[in-house]
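> Sequence and predicted structure, then a few things I'm wondering about:
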Amino acid sequence: MEKRESLRFDCQACWSRSESEWSVLDDSERAYLDRTRRPSLYRPGESIFRQDDNPTGLYCIQSGHMVLKQFDSFDNETVLRVVLPGETIGYRSFFSETPHAATATALTLCRICLIPAAAIHHLIGGNVVLASRFLKTLARDRGPTEAPLLRSPHLSVRVRILNLLLILRDGCATDLPDGSIRFQLPIKRQDIAAMVGTRPETVSRVVRELREDGVAVFHRQQVDVPDIDRVLELAHMSMPI
């Protein structure tokens, strides 16, 4: 079994905890979580778990960005979505007691805590609010439904890329004083192409068009959007009904 490089993160000082399901834990439960979790560092390209692996717990993303991918029987990959800091992943497979339906791979340096199965059962058994939070997360989870939207042949590549920006807005965008928005994308052009189901050269052409039209200015992995309302309008005006 591959040995993971570990680093102790202070669970109570983790900023992402306040936005996660774990925020409902009391002091004693947080101390228990801190004792039982298994923190690790993952470098870009390393897998956190693989498709068809049996789940051993839940993964809490303290920092960094990951991508979820599915592989078919011919080893063709479909990028499902980017995972952002503060998210907990693996719960669909864990609670349904089924193998992981996707592979999770680090896009950037990731600090991730594995919460073992025994610890989850212990905490949920004693905290009905925590159980309720995960039920709500499962109810809101659209699973891989974003992937067909981003790869839909009924939508132009332009619209697909704009929808990808909207999906990434919460975790990757900052509001600037002039009213514009700046994205720091954790993905590169080839990743964008894989997510929207086209070739990198097509993405480059659409990126040039978005700059010329004043919709979005891409500079490597930074994207400046002068008017997010215009992006919303353009992204949704061509959506199939």
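Sure thing, it's come through.

> Can you pull the poorly scored residue ranges out of this protein?
Of all residues in the chain, those with pLDDT under 70 make up the ranges 1-19, 142-149, 237-241.

> Contacts only, for the one residue sitting closest to the centre of it.
Nearest to the geometric centre of the chain sits residue 83, at 1.2 Å (Cα atoms, centre = their mean). Residues near residue 83 by Cβ atoms under 8 Å, 6 or more residues apart in numbering: 61, 65-68, 89, 104. Any C-beta I mention is one placed from the backbone N, CA and C, and that applies to glycine too.

> roughly how far apart are it and residue 175?
22 Å (Cβ to Cβ, to the nearest Å).

> Got the domain ranges for the chain?
Recorded structural domains for the chain (assignment: automatic domain parsing) are 11-141, 149-237.

> Show me how far the last one is from its chain's centre.
On the basis of Cα atoms, centre = their mean, to the nearest Å, domain 149-237 is displaced by 16 Å from the centre of the chain it belongs to.

> Ok, the first one next?
Its chain's C-alpha centre and that of domain 11-141 lie 11 Å apart, by Cα atoms, centre = their mean.

> Looks to me like residue 153 is in a helix.
No: read with DSSP: H, G, I helix; E, B strand; the rest coil, residue 153 is coil and lies in no helix.

> Contacts only, for it.
residue 197.

> so where do the strands sit in this structure?
In the chain, the strands defined using DSSP state E lie at 38-42, 47-49, 57-63, 66-71, 77-83, 88-89, 103-106, 110-116, 173-175, 181-184, 217-219, 222-225.

> Would you mind listing the buried residues in the first one?
The reference is to strand 38-42. Under the neighbour-count criterion of 16 or more other Cβ atoms under 10 Å, strand 38-42 has 39-42 buried.

> can you check the last one too?
Of the residues in strand 222-225, those buried by neighbour count under the rule 16+ other Cβ under 10 Å are 223, 225.

> in its sheet, what does it sit against?
Here strand 222-225 has these sheet partners by DSSP bridges: strand 181-184 (antiparallel), strand 217-219 (antiparallel).

> again, but for the shortest one
Strand 88-89 sits in its sheet next to strand 57-63 (antiparallel), going by DSSP bridges.

> Output the strand it pairs with in CSV, but only the C-alpha positions, please.
Output in CSV follows, covering the C-alpha atoms of strand 57-63 (Å, rounded to 0.1, in the frame of the first residue of the first chain):
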residue,chain,number,x,y,z
GLY,A,57,-14.6,6.9,5.0
LEU,A,58,-15.3,10.5,4.0
TYR,A,59,-12.7,13.0,2.7
CYS,A,60,-12.8,16.6,3.9
ILE,A,61,-10.9,19.1,1.7
GLN,A,62,-9.1,21.6,3.8
SER,A,63,-7.3,23.3,0.9
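
> Not counting it itself, show me its contacts.
Against strand 57-63 from outside (Cβ under 8 Å, 6+ apart): 9, 14, 16-17, 20, 22, 37, 39, 48-49, 83-91, 94, 104, 109-117, 119-120.

> closest to residue 225 among the contacts of residue 83?
Comparing the contacts of residue 83 against residue 225 with Cβ to Cβ places residue 65 closest, at 19.0 Å.

> So which residues of this structure form helices?
For the chain, the helices defined by DSSP state H cover 27-36, 91-96, 117-126, 128-140, 146-151, 157-172, 189-196, 200-212, 228-237.

> Fine, thanks again, bye for now.
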